[in-house]
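Novice: Have a look; sequence and predicted model below, questions after that.
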Amino acid sequence: MSYNQQETSSVLNTLESLSNEAIAKISAASLSSTLNAIDTEYLGRKGSITGLLRRIGELPKDERPGFGQKVNAVKDKILQLIASKRQELEIIESENKLKEETIDVTLPGRYYRIGRKHPLTSVMNETSNIFIGMGYEIVDGPEAEHYNYNFETLNYPTDHPAMDAQMSFYITNDIILRTQTTALQGHVMERRKPPFRICTIGRCFRLDDIDATHSHTFHQVDCFTIDEGIRMSDLKGTLTQFSAEMFGEDTQVRFRPDYFPFVEPGAEWAISCFVCKGEGCGLCKGSGWIELGGAGMIHPNILNRFGYDTERYSGFAFGMGIERITMLKHGIDDLRLFLENDIRFLRMF
């Protein structure tokens, strides 16, 4: 056998070997991905059968066209086998997928947990909506407050216990974390002229031990109104309306004298127990009344400080704790639950 005959025989044997090898792998394939790999291995740009075309130069010139036809015929045959096998496997894989994804329509539906509002957020929103309905404007104030707005502009005496450094978190000598949302009054009064009705709700901070009824961080709602002819009866009417909408239409309001530096006269206001209807129970400790906050007519010293004519203008102010309202509405006996993020507690609302 001549040299050229040996080369021709070798290349043809290689072609036949690769063809048989590819056909065997196609027959044994059980996944479409395996067929893709076989296609690339033998017929891809760098595939072994495709690579034989680069060996045509080793053959005699008169045998090259015939060899090229043989290679192309093998490629066509393998392509047809791959296509046929792929169609077969796709049917099998589709049937298997349908079996795996079969849905038993007789099973009960799955419960999808959705997010809910925190109980404090819900009560704050409800409170805002009530006061907006009564014509109040919701205004935010700074949590990092100047000492003057937090105390001095609210008529606190210089020796008042609330001004003690131990009552507050001081950032600088003049800036503290506000201890009460009432601090907003000064910001509004120095920029506006009456009449106005303002409501603010937000976080307050006091250096306090944490227990079932106290926390260093809590929320307050504070409202104040200034206009001509504002009287104590207007304050009582406002709180009666709020109490009825928040706790029930038959809720009564009680005022008892109390002292707050920023109001004169001042009062502690309470509502009739919405559980026992004033008969006396565990919630109201047998008294039939539940204390909610402080209120009163804005002190003339504050009105004078901001240049308001006290012969013409008067106003009232009141405040209460959001946590206390929420605890009363939902029968919660430990304030710490609001801040612990216990999912079992939060899912109750």
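Specialist: Sure thing, it's come through.
Novice: Name all residues that make contact with T181.
Specialist: G141, T200, I201, G202, C204, Q220, V221, D222, G319 (C-beta atoms under 8 Å, 6 or more residues apart in numbering). Placement of C-beta: from N, CA and C, glycine included.
Novice: Strands - which of those land there?
Specialist: T200, I201, G202, C204, Q220, V221, D222, G319 (DSSP state E).
Novice: circling back: which among the contacts of T181 count as buried?
Specialist: Listed as buried from those are G141, T200, I201, G202, C204, Q220, V221, D222, G319; burial here means 16 or more other C-beta atoms under 10 Å.
Novice: show me the contacts for F274.
Specialist: F247, G248, T251, I290, L328.
Novice: list the helices and strands the longest helix belonging to the chain packs on?
Specialist: Of all segments of type helix in the chain, defined using DSSP state H, the longest is helix 64-100. Where contact means 3 or more C-beta pairs under 8 Å, 6 or more residues apart in numbering; DSSP states H and E, helix 64-100 is packed against helix 3-28, helix 32-43, helix 48-52.
Novice: Can you give me the buried ones in the next helix or strand after it?
Specialist: Per DSSP states H and E, the first helix or strand lying C-terminal to helix 64-100 is helix 119-133. Judged by neighbour count using 16+ other C-beta under 10 Å, the buried positions of helix 119-133 are P119, L120, V123, M124, T127, S128, I130, F131.
Novice: Please verify my assumption that the second one contacts R324.
Specialist: It stands for L120. No: L120 lies out of contact with R324 (C-beta atoms under 8 Å); the separation is 11.0 Å.
Novice: Would you map the helices across the stretch 151-300 of the chain?
Specialist: 184-189, 232-247, 300-305 (DSSP state H, counting those that start in this stretch).
Novice: average model confidence for stretch 199-207?
Specialist: Throughout stretch 199-207, pLDDT has a mean value of 94.
Novice: typo on my end, it should be stretch 180-195
Specialist: On average, stretch 180-195 scores 94.
Novice: Now that stretch: buried residues?
Specialist: Q180, T181, T182, A183, L184, Q185, G186, H187, V188, M189, P194.
Novice: residues touching the fifth one, list them.
Specialist: Contacts of L184 were listed using C-beta under 8 Å, 6+ apart, and they are V139, G141, Y149, I198, T200, D222.
Novice: is it possible to export these to a markdown table including distance to K70?
Specialist: Output for the contacts of L184, formatted as a markdown table (distance: C-beta to C-beta, whole Å):
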| residue | distance to K70 |
| --- | --- |
| V139 | 89 |
| G141 | 90 |
| Y149 | 96 |
| I198 | 94 |
| T200 | 90 |
| D222 | 95 |
